[in-house]
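Chemist: sequence plus the predicted model coming up.
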Amino acid sequence: MQTRETPAPASGEDSGARPDPVGRFGLRRFATSAGLLSLTSIANFARAVIAAKLFAITLGPSNVGILAQLLNFSALVSVVVPLGLTTGVAKMVAEGRGDQRHVTRVTITASALALSSALVAAIVLAPAAGPISSALTGSSQYALPILLLVASFPLYNLSAVLAYVLQGLADVRRLTRANIITTALAVGLLVPLTLAYGLNGAIASVLVTSALQALVFGAVLWTAYAARAWRFIQAGFDRALAKQLLAYGGILLLGAVANQSSLLIVRTTTVHSLGQTANGLYQVVFGLSSQYITIFMAWMGAYVFPRLVAEGRAGRLNSLLNSGLRANLALMVPILVISIALRVPLIHVFYSASFVASAPLIPIQALGDYARIVGWSFAVCLFAVGHTRSHLLLIAAQATTWVLLATALVPQWGLVAIPASYALSFLTYPLMGIALTHHWVGARPDRTSILLIAVGLVCILGSLAPLYLGLVFAPAMPAIVYWLNRHELAKPRIAV
């Protein structure tokens with residue numbers, strides 16, 4: 001189920017970790033940190049698996065397609081409504097972590113902005129629920145679910161701000177606790193409401209969960225304040241801080257809007273051109289893809305990105321980015337191989353037999369994800385070193401390419417055009433992303449990295465072998481990267 005996700009805990013000063021060698025990522029520490037930083041994504045994945053199976057059994061392909069369309073609309077609005085108040089909140093809290101008044105001013109200011117923007121959005125969107133339903137699904141009968149989603153925006157917005165305050169305070173234990181509690185509550189509400197009321201019940205669970213999530217994060221932040229002997233006093237809304245928060249969030253907002261808009265447009269094109277059942281089948285493909293990509297992006301944002309900011313010199317970045325790419329290939333190629341080789345059993349486990357027709361589409365989508373992983377391993381540094389326009393250009397180019405290709409190819413290719421255009425669009429990441437990175441900071445894949453990229457592609461193609469023989473390629477990339485880093489791994493290191 002596609003609900004709002006809280007940020008993954010960031011690695012921080014409190015971990016006591018020994019720094020990686022200058023100018024590179026140590027494979028052991030990278031893998032350990034990636035595992036820790038993926039805990040929130042894994043919890044969300046477990047929730048998504050339960051939701052996917054529940055929807056497949058109770059709703060069927062047609063209603064799953066409708067539900068996916070409604071939640072994609074919600075996701076798009078949820079990107080715009082927070083005004084980019086995400087990483088900026090954590091950054092500003094972290095800058096004044098020991099200053100009670102500063103942290104409280106940031107919390108109150110960001111919360112006020114989040115609630116105000118969401119309330120305005122709800123007032124604007126509620127009267128248009130019928131037309132929105134018609135535009136998204138071809139029918140106005142889904143106006144009630146849209147109203148329920150719109151009503152959930154304010155409290156989800158508030159929860160997100162409080163979560164990023166906890167991240168800025170480096171209070172990983174409390175943030176993790178809040179994530180686990182809200183995930184359990186979300187699943188506990190989703191199952192009975194969906195079984196009792198079908199599609200409307202699934203959407204109603206989103207609204208109820210928003211209220212419970214706000215309460216949980218508010219309570220957890222209160223305990224964090226109590227542990228520091230702090231109180232919410234002597235601070236209020238700060239206009240100067242509001243301007244800083246909005247300015248910082250602007251870049252992140254534009255990129256997120258481009259991503260979500262392209263997804264919504266492509267999914268809407270699928271509904272109107274191929275029907276609701278086709279859209280439901282593609283949800284299987286996109287759902288599996290988004291789960292492992294979310295895990296990848298979590299550790300890139302919380303572990304890799306801070307190192308790039310700290311060591312933003314071209315001479316170091318080349319080695320740093322190449323070692324990061326190798327670690328990413330070691331971690332992600334096995335996941336892609338397993339997803340392709342076991343695609344039919346995974347559909348039976350996570351969905352149902354009625355969705356097996358989507359199995360041939362999964363390898364095509366995975367090729368696009370592979371290009372995304374390779375490209376983003378380098379392009380992630382563009383924002384870190386201040387080249388925000390190049391960062392936005394890359395994201396906008398991929399989003400635009402996907403929409404244009406999907407619109408052009410769907411009439412000729414049918415449903416296969418959606419993952420095919422997705423895969424082709426993400427070629428912009430390694431092509432443009434690496435070119436821009438080389439232009440601005442002089443970094444690009446070295447010979448070893450290029451060889452590993454080629455090996456990774458062979459592993460992914462090999463995973464298509466019949467009778468699950470493709471699974472033999474799963475350990476190949478980790479084994480090769482391990483061998484290349486065997487001298488480092490032979491030395492004892494302190495884990496994160």
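Modeler: On my side now, so go ahead.

Chemist: which residues of the stretch 101-250 of the chain score low on pLDDT?
Modeler: By pLDDT under 70, the low-scoring segments of the stretch 101-250 of the chain are 170, 172, 234, 248.

Chemist: ok, which stretches of it are helices?
Modeler: Using DSSP state H, counting those that start in this stretch, the helices found in the stretch 101-250 of the chain span residues 129-137, 143-168, 172-227, 239-274.

Chemist: and the second one, what does it pack against?
Modeler: Going back to what we said before, that points to helix 143-168. Helices and strands touching helix 143-168, by 3 or more CB pairs under 8 Å, 6 or more residues apart in numbering; DSSP states H and E, are helix 60-80, helix 87-95, helix 100-125, helix 129-137, helix 172-227. C-beta: built from backbone N, CA, C; applies to glycine.

Chemist: angle of the longest one against helix 100-125?
Modeler: When you say that, I think you mean helix 172-227. Orientation of helix 172-227 against helix 100-125 (axes from the mean of the first three to the mean of the last three CA atoms, to 10 degrees) gives an angle of 110 degrees.

Chemist: helices and strands around helix 172-227, which ones?
Modeler: Going by 3+ CB pairs under 8 Å, 6+ apart, helix 172-227 lies up against helix 39-58, helix 60-80, helix 143-168.

Chemist: repeat that for 6 Å
Modeler: With contacts defined as 3 or more CB pairs under 6 Å, 6 or more residues apart in numbering; DSSP states H and E, helix 172-227 has these neighbours: helix 39-58, helix 143-168.

Chemist: buried ones in the first one?
Modeler: Applying a neighbour-count criterion of 16 or more other CB atoms under 10 Å, one finds 39-45, 47-52, 54-56, 58 buried in helix 39-58.

Chemist: picking up where we left off before, including mean neighbour count and distance to residue 363, could the helices and strands packed on helix 143-168 go into TSV?
Modeler: Shown next, in TSV, are the helices and strands packed on helix 143-168 (neighbours: other CB atoms under 10 Å; distance: least, CB to CB, whole Å):
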stretch	mean neighbour count	distance to residue 363
helix 60-80	22	21
helix 87-95	21	34
helix 100-125	19	38
helix 129-137	18	29
helix 172-227	19	29
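
Chemist: rebuild those as JSON lines, extending it with distance to residue 359.
Modeler: Compiled in JSON lines, the helices and strands packed on helix 143-168 are given as follows (distance: least, CB to CB, whole Å):
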{"stretch": "helix 60-80", "distance to residue 359": "14"}
{"stretch": "helix 87-95", "distance to residue 359": "37"}
{"stretch": "helix 100-125", "distance to residue 359": "37"}
{"stretch": "helix 129-137", "distance to residue 359": "26"}
{"stretch": "helix 172-227", "distance to residue 359": "25"}
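
Chemist: quickly list the domain ranges of the protein.
Modeler: 16-58+275-491, 59-261 (automatic domain parsing).

Chemist: indicate which one of the ones you listed is closest to residue 268.
Modeler: Nearest to residue 268, of all these, is domain 59-261, at 6.4 Å by CB to CB.

Chemist: and the closest one, how far out from the chain middle?
Modeler: The chain centre lies 14 Å from the centre of domain 59-261; the measure is CA atoms, centre = their mean, to the nearest Å.

Chemist: do stretch 445-457 as well
Modeler: Relative to its parent chain, stretch 445-457 has a centroid offset of 25 Å by CA atoms, centre = their mean.

Chemist: any idea of the mean pLDDT in it?
Modeler: On average, the pLDDT along stretch 445-457 is 96.

Chemist: same deal with stretch 461-470?
Modeler: 94.

Chemist: list the buried residues for that stretch?
Modeler: For stretch 461-470, by 16+ other CB under 10 Å, it's 462, 463, 470.

Chemist: surely the last one meets residue 463?
Modeler: It refers to residue 470. Yes - between residue 470 and residue 463 there is a contact at 3.5 Å, judged by CB atoms under 6 Å.

Chemist: common neighbours of the two, please.
Modeler: residue 341 (CB atoms under 6 Å, 6 or more residues apart in numbering).

Chemist: need the residue closest to the centroid of this structure.
Modeler: residue 294 (3.8 Å; CA atoms, centre = their mean).

Chemist: tell me the helices and strands packed up against the host helix or strand of that one.
Modeler: Element membership for residue 294 (DSSP states H and E) is helix 276-299. Contacts defined by 3+ CB pairs under 6 Å, 6+ apart place helix 276-299 against helix 27-37, helix 39-58, helix 60-80, helix 239-274, helix 362-379.

Chemist: the fourth one to helix 60-80, inter-axis angle?
Modeler: Meaning helix 239-274. With the same axes, to 10 degrees applied, the angle from helix 239-274 to helix 60-80 works out at 160 degrees.

Chemist: which other helices and strands contact helix 239-274?
Modeler: Applying 3+ CB pairs under 6 Å, 6+ apart, one finds that helix 239-274 contacts helix 60-80, helix 87-95, helix 100-125, helix 276-299, helix 388-413.

Chemist: please apply the same query to the second one.
Modeler: With contacts defined as 3+ CB pairs under 6 Å, 6+ apart, the secondary structure elements packing on helix 39-58 are helix 172-227, helix 276-299, helix 343-350.

Chemist: before we move on, back to that, the buried residues of stretch 461-470 in helices, which ones?
Modeler: residue 462 (DSSP state H).

Chemist: what is the burial count for residue 484?
Modeler: Other residues lying near residue 484 total 16 when counted by other CB atoms under 10 Å.

Chemist: residue contacts, residue 318?
Modeler: residue 443.

Chemist: returning to what we had before: Throw the domains of the chain into CSV and include distance to residue 267, thanks.
Modeler: Below are the domains of the chain laid out as CSV (distance: least, CB to CB, whole Å):
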stretch, distance to residue 267
domain 16-58+275-491, 6
domain 59-261, 5
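
Chemist: buried ones in stretch 242-260, by neighbour count?
Modeler: Buried, per 16+ other CB under 10 Å, within stretch 242-260: 242, 244-246, 248-249, 251-260.

Chemist: returning to what we had before: lowest average pLDDT across the helices and strands packed on helix 239-274?
Modeler: helix 87-95 (a mean of 70).

Chemist: hang on, the earlier thing: what's the closest of the helices and strands packed on helix 39-58 to residue 422?
Modeler: Across the helices and strands packed on helix 39-58, closest to residue 422 is helix 276-299 (CB to CB), at 8.3 Å.
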